[in-house]
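Asks: Any chance you could fold what I've pasted below:
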Amino acid sequence: MAATPQNPAAATPRRKVSRHRGEGQWAAGHHTPLNGNEQFKKDDDGLNVRTRIETIYSKRGFDSIDPNDLRGRMRWWGLYTQRKPGIDGGKTAILEPEELDDKYFMLRVRIDGGRLTTAQLRVIGEISQEFARGTADLTDRQNVQYHWIRIEDVPEIWNRLEAVGLSTTEACGDTPRTILGSPVAGIAEDEIIDGSPAVDEISRRFIGSKEFSNLPRKFKTAISGSPLLDVAHEINDVAFVGVEHPEHGPGFDLWVGGGLSTNPKIGVRLGAWVPLDEVPDVWAGVIGIFRDYGYRRLRTRARLKFLVADWGPEKFRQILEDEYLKRKLADGPAPAAPVERWRDHVGVHRQQDGRFYVGFAPRVGRVDGATLTKIAELAEAHGSGRVRTTVEQKMIVLDVEEGQVESLVEALEALDLTAKPSPFRRGTMACTGIEYCKLAIVETKQRGSALIDELERRIPEFDEPITININGCPNACARIQVADIGLKGQLVLNDRGEQVEGFQVHLGGALGLEAAFGRKVRGLKVTSEELPDYVERVLKRFQDEREDGERFAVWATRASEEALS
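Replies: I've put the predicted structure just below:
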């Protein structure tokens, strides 16, 4: 057929139309697994692997573990294989998983809301010393993370944790991960509302349940009634933020779709107010949307933030109300900006009951089992039976009588756990890094600790709040995009043309006041060796150029590239 003005399509050959597979959304009828992860989850629920660990793998050893369990389902119980020692960062992306795997595991202890008794903390410390070569890092998700765990020891570790009310259930995997909560919930004088009953109810009803044990990918929750906005709500899949409703009183503002990694997105408000007793049901509605409508075709798009970005907050709220809650939510106010720049509760603070809590700063979350045991002993010796972990890799001792505060602060200081840290000690975080992580390219923990020492020595007069977040790879476990100075590990060339460990620099990220992602200066990369010189230089320029009261993040946004290089 010839092309004519009436039939222009005849000039082009017909293309074969293929059926679009969709995004793997269950709600759209796409139940056929579209990648290996979806296949092994369909083959067997990740929660079922515990029985095999207890009855087979722990008795027959590492080599008996099925690969789909080893690098997949075992995460449902907090277990990841750790990096084999001696493999440099240049090989991270080119070796096969089995070449990177050591025959030991990282094991993550789930601590919802960061809440621990001293008895629980003592058991965590004892397990570290007996089974984990002393390792026990504090994470920025309020967990404790062990390394060097043998599969043979896992059932006994579970027994000891569960005997004191702890677990590793769904601490990893495509599951609802640890629920972040204000570490001073029900305690702080300035609290808007105590969210801990909602944390408890969600954990009781849904954690370890197969209702939500097969999600498109991980799902992160934050619940806090603190006016300090102390749980990084902006970068969680769902967050409940304490607000005072002008008619209904204290409750929570609902946020969805936050997350970092290689495609960072700030969460969005749905404009809905949720009373405390309805938080678990609303949470179940949001995670239900993720389970049913979440994208399962590509792992790179299998987070709630992509669905929220495509739908927008209005449609998301409509689906939540119409299909899952079967009722409308009340409109509500946004949270007020926090008046404090630090959100970590470090220092000495009065509680509602007149006693005090004492927050202190380990170095970049690096502690050990012996230290955790001593913290439990110190807390008890000073009248406390409760401690907390924070989302900033810090710890808090609660319920200290006024006359015991000074003694406790001094005793913690003797353990190098200061309640009066410098801005550098207080504001520096680091992920696990190449020491144990199979995804990492560079070392982080020791680098962060050394950087703290250098900055304290070089610019001791610096007294502004500053966050320096160090990550071993692009995945942003240490939240590099929302730090004043975010450092993304990669290999770089030094002055001699040699490939060495270094960092891409992000500057001016922030949470809480005006949440924003850091700025990348074109071509700005520093070697690990040059890092103290670079940070010192940029902080001194900030001191010289800042306007009265100006925060580093604001200055970094307006500063010239020359000033930031």
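Asks: Spell out the residue ranges of the strands in the stretch 301-450 of the chain.
Replies: Applying DSSP state E, counting those that start in this stretch to the stretch 301-450 of the chain gives strands spanning 330-331, 347-350, 356-360, 386-389, 395-400, 428-430.
Asks: so which of those strands gets nearest F290?
Replies: strand 330-331 (22.8 Å; C-beta to C-beta). The C-beta positions use only the backbone N, C-alpha and C, and glycine is treated the same way.
Asks: Let's check: the centremost residue of the protein is which one?
Replies: In the chain, the residue lying closest to the centroid (C-alpha atoms, centre = their mean) is R141, at 4.3 Å.
Asks: re earlier: which of the strands of the stretch 301-450 of the chain sits most buried?
Replies: Highest mean neighbour count of the strands of the stretch 301-450 of the chain: strand 428-430, a mean of 29 (counted as mean count of other C-beta atoms under 10 Å).
Asks: Contacts for that strand next, please.
Replies: 140, 364-366, 392-393, 444-445, 447-448, 451-452, 467-471, 478-479, 483 (C-beta atoms under 8 Å, 6 or more residues apart in numbering).
Asks: Let me see the contact set for G365.
Replies: 137-140, 393, 429-430, 445.
Asks: how close does the spatially closest residue to it that is not a sequence neighbour get to E435?
Replies: Spatial nearest neighbour of G365, excluding adjacent residues (C-beta to C-beta, 6 or more residues apart in numbering): Q393 at 3.3 Å. When distance is defined by C-beta to C-beta, to the nearest Å, Q393 is 16 Å away from E435.
Asks: The two - which one has more neighbours?
Replies: Q393 (25 against 16; other C-beta atoms under 10 Å).
Asks: My guess is the more buried one contacts T139. True?
Replies: Yes. At 6.9 Å, Q393 counts as touching T139 under the criterion of C-beta atoms under 8 Å.
Asks: So, low pLDDT: which residues of the chain?
Replies: 1-21, 513 (pLDDT under 70).
Asks: repeat that for 50
Replies: Per-residue confidence for the chain (pLDDT under 50) gives these ranges: 1-20.
Asks: Was I right to think W555 contacts R546?
Replies: Yes. Counting by C-beta under 8 Å, W555 touches R546, with 5.1 Å between them.
Asks: so what's the backbone phi/psi at the residue nearest to D102 when sequence neighbours are not counted?
Replies: Excluding the flanking residues, the one nearest D102 by C-beta to C-beta, 6+ apart is K84, at 4.3 Å. Per-residue torsions, K84: phi -70, psi 130 (degrees, to the nearest 10).
Asks: Distance check, K84 against M106.
Replies: K84 is 13 Å from M106, by C-beta to C-beta.
Asks: do the same with T117
Replies: Counting by C-beta to C-beta, the gap from T117 to M106 is 24 Å.
Asks: Neighbour count: the two, which is higher?
Replies: Higher neighbour count among T117 and M106: M106, with 24 against 18, using other C-beta under 10 Å.
Asks: ok, and that one, which helix or strand is that part of?
Replies: Using DSSP states H and E, M106 maps to strand 101-109.
Asks: Quick one: residues in contact with that strand.
Replies: 62, 70-71, 74, 78-85, 124, 132, 139, 143-151, 154, 157, 161, 166-168, 171-172, 432, 436, 438.
Asks: Out of these, which end up buried?
Replies: 62, 70-71, 74, 78-84, 124, 132, 139, 143-149, 151, 154, 157, 161, 166-168, 171-172, 432, 436, 438 (16 or more other C-beta atoms under 10 Å).
Asks: Can you show me the helices along the stretch 451-565 of the chain?
Replies: 531-545, 552-558, 561-564 (DSSP state H, counting those that start in this stretch).
Asks: For Y295, find the nearest of the ones you listed.
Replies: Closest among the helices of the stretch 451-565 of the chain, once you apply C-beta to C-beta, is helix 552-558, at 31.9 Å.
Asks: about what we covered before: immediately after the strand holding M106, which helix or strand?
Replies: strand 115-117.
Asks: counting contacts, what elements does that following strand pack onto?
Replies: Contacts defined by 3 or more C-beta pairs under 8 Å, 6 or more residues apart in numbering; DSSP states H and E place strand 115-117 against strand 386-389.
Asks: Work out the sheet partners of the strand it packs on and label each with its direction, please.
Replies: Sheet pairing for strand 386-389, assigned by DSSP bridges, gives strand 115-117 (antiparallel), strand 395-400 (antiparallel).
Asks: Can you check what angle separates the longest one from strand 356-360?
Replies: In this case it means strand 395-400. Strand 395-400 runs at 160 degrees relative to strand 356-360, counting by axes from the mean of the first three to the mean of the last three C-alpha atoms, to 10 degrees.
Asks: Identify the residues contacting strand 395-400?
Replies: 138, 183-184, 187, 345, 351, 355-360, 362, 375, 378-379, 382-390, 408, 417.
Asks: can you count the residues close to K42?
Replies: Neighbour count for K42, taken as other C-beta under 10 Å: 12.
Asks: Walking through the stretch 151-300 of the chain, point out its helices one by one.
Replies: All helices of the stretch 151-300 of the chain, identified by DSSP H, counting those that start in this stretch, fall at 154-163, 196-206, 279-293.
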